[in-house]
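# With the input below, show me the fold.
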Amino acid sequence: MRWVVSLVGLAVAAAPAAADLVDVRLSEVATASAVGDPAARYVELEATAAACVFPSTRVVSYDAAGAVVGDVAPFASATCVAAGTFLLLATPAARTAFGIAEVDGSLVPPIDLDAGQLCLVSSATRYDCVRWGAIAAPVRDLFGPDDATAAIPPPAGLALARIANTDVIAVDWRVETPSPRRPNDGTPWDPADAGVDAPRPDAGTDAAPPIDAARADAAADAPVADASQAFLDLDPGGGAACGCASGPTPDGAAALLAVAALLARRRRR
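So this is what the prediction gives:
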């Protein structure tokens, strides 16, 4: 009976330790192409509380379509660490390229720079994942099963770093200068400063016409300054009706006398 109790006690004691992986999360990823060497890559993990990793703990990489690219188990034995501890998995090439003196494991799966996915896995459970680039089939994790967002792919020489823990990848991750085995306090990278010029508006499309051209158009469309007077000058009868003129012109008086003389002649006949 004593040995049964002992086995039950061991099982109870081991159960919390196995669940402690929920307090370990992906913290930083540096890809192979970032330094021009396919073998130079590292993955940093952070313990957000006292936690343990085990031989069953794996780091799995996927392509944009969700197919497994690499699957490694970097820990040969159970390792328990205090809250705030960073565990660094780096290849020998990455240690040289990034000047890393100490690592906790050297097994790192291949990582795609332009579009890829990486997950921290134990047994069949994906506890934490990160994605970047154009992802066709998102691989989901335990705490963000509804999240399908992705981070910006890190350009050459930079890393993908966690800055929050909201379980929304596009919010939690950003591109910054590498900071292996220490808090993610690198200089953030702004895509707007990547050297791509923003499109400029076409100045010739909506620009106002030159001042001289505007004046020319205004002069062409302007009405005649004194159209009524010009009309009256051409139509003697209209001037009498309007009353705008002060009196008949000399030419108009002569015309009236000629008409009167013609009428007098007809009456005599």
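
# what helix or strand is the closest residue to Ile163 other than its chain neighbours on?
Nearest residue to Ile163 in three dimensions, chain neighbours excluded: Arg174, at 5.5 Å (CB to CB, 6 or more residues apart in numbering). Glycine gets a C-beta too; all of them are placed from N, C-alpha and C. Using DSSP states H and E, the element containing Arg174 is strand 173-176.

# same question, Ala93
Here Ala93 is assigned to helix 92-98, by DSSP H and E.

# now the strands: where do they sit in the stretch 51-200 of the chain?
With DSSP state E, counting those that start in this stretch as the definition, the stretch 51-200 of the chain shows strands at residue ranges 51-53, 57-62, 68-72, 79-81, 86-90, 116-122, 125-132, 159-162, 173-176.

# would you turn these into CSV with mean pLDDT?
CSV is the format used below for the strands of the stretch 51-200 of the chain (pLDDT from 0 to 100):
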stretch, mean pLDDT
strand 51-53, 94
strand 57-62, 97
strand 68-72, 97
strand 79-81, 94
strand 86-90, 96
strand 116-122, 96
strand 125-132, 96
strand 159-162, 94
strand 173-176, 94
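
# Now render those as CSV, adding distance to Pro109 and mean neighbour count.
Output for these, formatted as CSV (distance: least, CB to CB, whole Å; neighbours: other CB atoms under 10 Å):
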stretch, distance to Pro109, mean neighbour count
strand 51-53, 16, 22
strand 57-62, 4, 22
strand 68-72, 3, 15
strand 79-81, 19, 16
strand 86-90, 9, 22
strand 116-122, 8, 24
strand 125-132, 13, 22
strand 159-162, 15, 25
strand 173-176, 18, 22
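
# Now distance to Phe98 too, for the ones you listed, in a markdown table please.
What follows is these, written out as a markdown table (distance: least, CB to CB, whole Å):
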| stretch | distance to Phe98 |
| --- | --- |
| strand 51-53 | 22 |
| strand 57-62 | 18 |
| strand 68-72 | 19 |
| strand 79-81 | 21 |
| strand 86-90 | 7 |
| strand 116-122 | 17 |
| strand 125-132 | 19 |
| strand 159-162 | 9 |
| strand 173-176 | 14 |
